[in-house]
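> Curious how this folds, go ahead:
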Amino acid sequence: MHYRNGREAKNGDKIVMVDNGGNVTAFGVLHSAVPGNDYCNGYIAPIQPPNAMACMVDCLHVDDVAAMLAERGLDKRPDGK
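Okay, here's the model as predicted:
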């Protein structure tokens, strides 16, 4: 199992999911993924506390994160195998 950038995926990893336009659509902890499949495999358990304090100097707007992904060519899903 590998992420979009080629890094090996493991259950228990903290992850961010992006769509095919580079938009962040979910984040949390990967669980129940089965080795040998990079598509529609596993679930994301949310980890965000309901009332997390936002310190602006530690935050990024989701559009800026999407732009950073695009700059690195990670905004598009790789071709299937």
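> Give me the distance between the two termini of stretch 11-24.
End-to-end distance for stretch 11-24: 20 Å, by CA to CA, to the nearest Å.
> Just checking the distance from that stretch to the centre of its chain.
How far stretch 11-24 lies from its chain's middle: 1 Å, per CA atoms, centre = their mean, to the nearest Å.
> Check what contacts that stretch and list those residues.
Contacts with stretch 11-24, where a contact means CB atoms under 8 Å, 6 or more residues apart in numbering, come from 3-4, 9, 25-33, 42, 44, 47, 62, 65-67, 69-70, 74-77. Any C-beta I mention is one placed from the backbone N, CA and C, and that applies to glycine too.
> If we go by neighbour counts, what in that stretch is buried?
Buried positions in stretch 11-24, judged by neighbour count with 16 or more other CB atoms under 10 Å: 13, 18, 22.
> Among the residues you listed, name the ones in strands.
V18 (DSSP state E).
> With pLDDT and distance to M56 added, can I get the buried residues of stretch 11-24 in CSV?
Putting those into CSV (pLDDT from 0 to 100; distance: CB to CB, whole Å) gives the following:
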residue, pLDDT, distance to M56
D13, 92, 27
V18, 87, 23
G22, 80, 23
